[in-house]
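In: the sequence and its predicted three-dimensional model are supplied below.
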Amino acid sequence: MRLIENWFSERYSDNLQLSFRIKDQLLSIKTDYQRIDLFDTYDFGKLLSIDGTVQLTEKDEYIYHEMITMIPYYFNSKPSRVLIIGGGDGGAARRLVDLGIENIVNVEIDGNVVEVAKKYFPAISSSFKEKKVNLIIGDGIKYIKESKDKFDRIIIDSTDPVGPAEGLFSEEFYKDIQSHLTPNGIVVTQSGSPYYQPTALSMAHNGMARIFKYVKTYCAFIPTYPSGLWSFTMASSEEFKKRDEPTVTGKYFNKDILEGSFYLPEFVKNLIK
């Protein structure tokens with residue numbers, strides 16, 4: 001992260017960065033796990049950064065949260081019990097509540113993320129006020145090892161595979177995840193930018209493929225994420241079968257996206273071969 005005069009910049013490489021002109025820096029704290037910064041930008045509203053990388057903005061957060069929840073929602077049996085690991089902003093839980101999920105467990109390691117979201121992103125974090133959502137401040141890896149519960153969907157809404165999120169991309173973690181899924185349950189994770197973070201995508205896809213029989217990667221366009229092209233990877237022990245029911249339309253998601261997001265550029269296919 002670079003902050004020069006009235007600009008916040010996320011560096012993608014030694015030669016490229018994306019910069020946002022800001023009105024003000026609203027917050028900067030160092031927690032036990034990471035650095036959290038909050039900016040008020042001209043084009044994207046409030047922007048949340050963790051360890052110098054953009055996590056969400058008011059203007060385009062809906063794309064990420066719709067894609068990590070609504071794509072896996074429409075495959076296999078209709079889910080009623082979902083686990084979110086990460087997701088301290090509440091956005092994934094918000095989408096699940098809107099889809100009618102009755103039982104949501106959200107495990108976030110850093111309570112500071114939750115408090116920042118409640119104060120500065122009240123519409124997104126409003127999910128934590130819902131009785132359907134059980135928010136647990138704790139380590140998702142530890143929760144998976146100790147819990148006996150089964151889930152229809154497990155959503156890994158983490159930061160990049162460094163620091164506290166590194167273990168969420170490991171083969172051992174995916175093996176533990178499998179034991180907590182119902183027979184045709186689905187796990188999904190954000191798997192980074194295929195262009196700037198190919199290692200993250202390979203780690204997610206290859207790690208899941210060693211544990212699960214069926215693995216699919218899909219993509220979305222998110223303007224404030226590196227290169228704009230962002231990937232998600234989902235896995236199941238049973239073949240993916242799209243349910244024959246009307247699809248709910250979001251601000252980004254629709255029935256065309258449900259099918260078209262799985263059509264991948266050739267270089268992405270080569271990354272996950």
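Out: Structure's in. What do you need? Numbering: from 1, shown residues only.

In: give the contact list for the residue nearest to Glu61 when sequence neighbours are not counted.
Out: Spatial nearest neighbour of Glu61, chain neighbours left out: Gly91 (5.7 Å); criterion: CB to CB, 6 or more residues apart in numbering. Glycine gets a C-beta too; all of them are placed from N, C-alpha and C. Contact partners of Gly91, counting by CB atoms under 8 Å, 6 or more residues apart in numbering, are 56, 61, 64-65, 124, 127, 157.

In: now for those residues: which two are most distant?
Out: Tyr64 and Ser127 (14.8 Å; CB to CB).

In: all strands of the protein, in order?
Out: 2-4, 7-13, 16-30, 35-41, 45-50, 53-57, 81-86, 103-108, 133-137, 151-157, 181-190, 214-221, 229-236 (DSSP state E).

In: got TSV for those strands, with mean pLDDT, distance to Glu259 and mean neighbour count too?
Out: Shown next, in TSV, are the strands of the chain (pLDDT from 0 to 100; distance: least, CB to CB, whole Å; neighbours: other CB atoms under 10 Å):
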stretch	mean pLDDT	distance to Glu259	mean neighbour count
strand 2-4	58	40	11
strand 7-13	92	30	15
strand 16-30	95	30	14
strand 35-41	97	33	19
strand 45-50	97	31	22
strand 53-57	96	26	22
strand 81-86	97	23	25
strand 103-108	98	26	22
strand 133-137	98	30	17
strand 151-157	97	19	25
strand 181-190	96	17	23
strand 214-221	98	10	20
strand 229-236	97	15	25
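
In: turn those into a markdown table, including distance to Pro265.
Out: Converted to a markdown table, the strands of the chain look like this (distance: least, CB to CB, whole Å):
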| stretch | distance to Pro265 |
| --- | --- |
| strand 2-4 | 30 |
| strand 7-13 | 18 |
| strand 16-30 | 19 |
| strand 35-41 | 29 |
| strand 45-50 | 28 |
| strand 53-57 | 22 |
| strand 81-86 | 27 |
| strand 103-108 | 33 |
| strand 133-137 | 36 |
| strand 151-157 | 23 |
| strand 181-190 | 18 |
| strand 214-221 | 8 |
| strand 229-236 | 8 |
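
In: out of the ones you listed, which comes closest to Phe267?
Out: Of all those, strand 229-236 comes closest under CB to CB, at 10.1 Å.

In: mind checking how far that closest one is from the chain centre?
Out: 10 Å (CA atoms, centre = their mean, to the nearest Å).

In: next: stretch 98-111.
Out: 12 Å.

In: how close does the spatially most central residue of the chain get to Glu266?
Out: Residue closest to the mean C-alpha point of the chain, counted by CA atoms, centre = their mean, is Asp157 at 3.2 Å. According to CB to CB, to the nearest Å, Asp157 stands 28 Å off from Glu266.

In: and if you look at Gly87?
Out: Gly87 is 32 Å from Glu266, by CB to CB.

In: now Ile156
Out: For Ile156, the distance to Glu266 - CB to CB - is 26 Å.

In: what of Ile63?
Out: From Ile63 over to Glu266 (counting by CB to CB), the distance is 23 Å.

In: who has more neighbours, those two?
Out: Just comparing Ile63 and Glu266: by other CB atoms under 10 Å the higher neighbour count belongs to Ile63, 22 against 7.

In: give me the neighbour count for the residue lying closest to that one once chain neighbours are set aside.
Out: Leaving aside its chain neighbours, Ile63 sits nearest to Tyr252 (4.5 Å; criterion: CB to CB, 6+ apart). The local packing of Tyr252 (other CB under 10 Å) involves 17 other residues.
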